[in-house]
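Novice: Next come a sequence and a model predicted from it.
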Amino acid sequence: QKEVEQDPGPLSVPEGAIVSLNCTYSNSAFQYFMWYRQYSRKGPELLMYTYSSGNKEDGRFTAQVDKSSKYISLFIRDSQPSDSATYLCAMSRYNFNKFYFGSGTKLNVKP
Amino acid sequence: DTGVSQNPRHKITKRGQNVTFRCDPISEHNRLYWYRQTLGQGPEFLTYFQNEAQLEKSRLLSDRFSAERPKGSFSTLEIQRTEQGDSAMYLCASSDDPRDRGGYNEQFFGPGTRLTVL
């Protein structure tokens, strides 16, 4: 069993839709939770991070962590064609010595 | 250029050959990570350096893989006796000390080296 599970999609939505991306995990020692965006043939870039449980908002993006359910989410409001990419969740323990990534969800936002 | 750079960007080799990749992190970053990413998968952790010390290494890494970071600056990843299953994108990331960022570590990724083993 993988430590981090993520639905690979692909997910196709019309422009302006609300997108929900999710990951589950098994290791209760994870304390930092991150979402990365990766365009084709590029390295991942950090979108947001959250420490422990709770919500965090940044513009059109909202990250949620529910440690009791071992479940994290990323919501994208008013999605744009430029949001089309692969979204990766990632997790780490307190010391950041190792990061665990999900398999990525490929998102396509249609104009 | 203040980003993470990786060389070469592409490498094609024949099975059984040795290959070496280089990563130049952001200059003030003391942490450096290597990952492997195959098509349709997320990055898979390989190893982590803090300065020149290799502090974490994946159990998935076979003896054919070795990484170094002499003097805590650039890093090299070598794969000996390559196999077709080694074909992947090899990503490098760097970050500074979490204690300098209020307890959080943000990794900055390079563009990756794409390896094809024939």
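Specialist: It's in. Numbering: from 1, shown residues only, chains lettered A, B, ... in the order given.
Novice: Just give the nearest non-adjacent residue to the most centrally placed residue in chain B, would you?
Specialist: Taking CA atoms, centre = their mean, the centroid of chain B lies closest to B:Trp34, which sits 2.7 Å from it. Sequence neighbours aside, B:Leu46 is the residue nearest to B:Trp34 in space, at 4.3 Å (criterion: CB to CB, 6 or more residues apart in numbering or on different chains). Every residue, glycine included, has its C-beta placed from N, CA and C.
Novice: go on, B:Val4?
Specialist: Nearest in space to B:Val4, with sequence neighbours left out and distances taken as CB to CB, 6+ apart, is B:Gly110 at 3.7 Å.
Novice: Name all residues that make contact with A:Asp78.
Specialist: With contact taken as CB atoms under 8 Å, 6 or more residues apart in numbering or on different chains, A:Asp78 is in contact with A:16, A:18, A:60.
Novice: The first one and B:Arg31: what is the separation?
Specialist: Going back to what we said before, that points to A:Gly16. The span separating A:Gly16 from B:Arg31 equals 39 Å under the rule CB to CB, to the nearest Å.
Novice: neighbour-wise, which of the two wins?
Specialist: For A:Gly16 versus B:Arg31, neighbours defined as other CB atoms under 10 Å in any protein chain shown are more numerous around B:Arg31 (21 against 11).
Novice: The more buried one bridge partners, please.
Specialist: Under the criterion DSSP bridges, B:Arg31 forms beta bridges with B:Gln50, B:Ser95.
Novice: Equivalent analysis for A:Thr50, please.
Specialist: Following DSSP bridges, A:Thr50 is listed with bridge partners A:Phe33.
Novice: Give me the buried positions along stretch B:12-26.
Specialist: Taking 16 or more other CB atoms under 10 Å in any protein chain shown as the basis for neighbour counts, the residues of stretch B:12-26 that come out buried are B:13, B:19, B:21, B:23-26.
Novice: now the strands for chain B?
Specialist: Defined through DSSP state E, the strands belonging to chain B, from first to last, are B:5-7, B:10-13, B:19-24, B:31-37, B:44-50, B:53-57, B:65-68, B:75-79, B:88-95, B:108-109, B:113-117.
Novice: for the longest one, packing partners?
Specialist: What it means is strand B:88-95. Strand B:88-95 sits against strand B:5-7, strand B:19-24, strand B:31-37, strand B:75-79, strand B:108-109, strand B:113-117, with contacts defined as 3 or more CB pairs under 8 Å, 6 or more residues apart in numbering or on different chains; DSSP states H and E.
Novice: what residues does chain B put near chain A?
Specialist: Proximity of chain B to chain A is assessed by CB under 8 Å from any CB of the partner chain, with B:4, B:31, B:33, B:35, B:40-45, B:48, B:55-56, B:58, B:91, B:93, B:95, B:98, B:103-112 identified as the residues in range.
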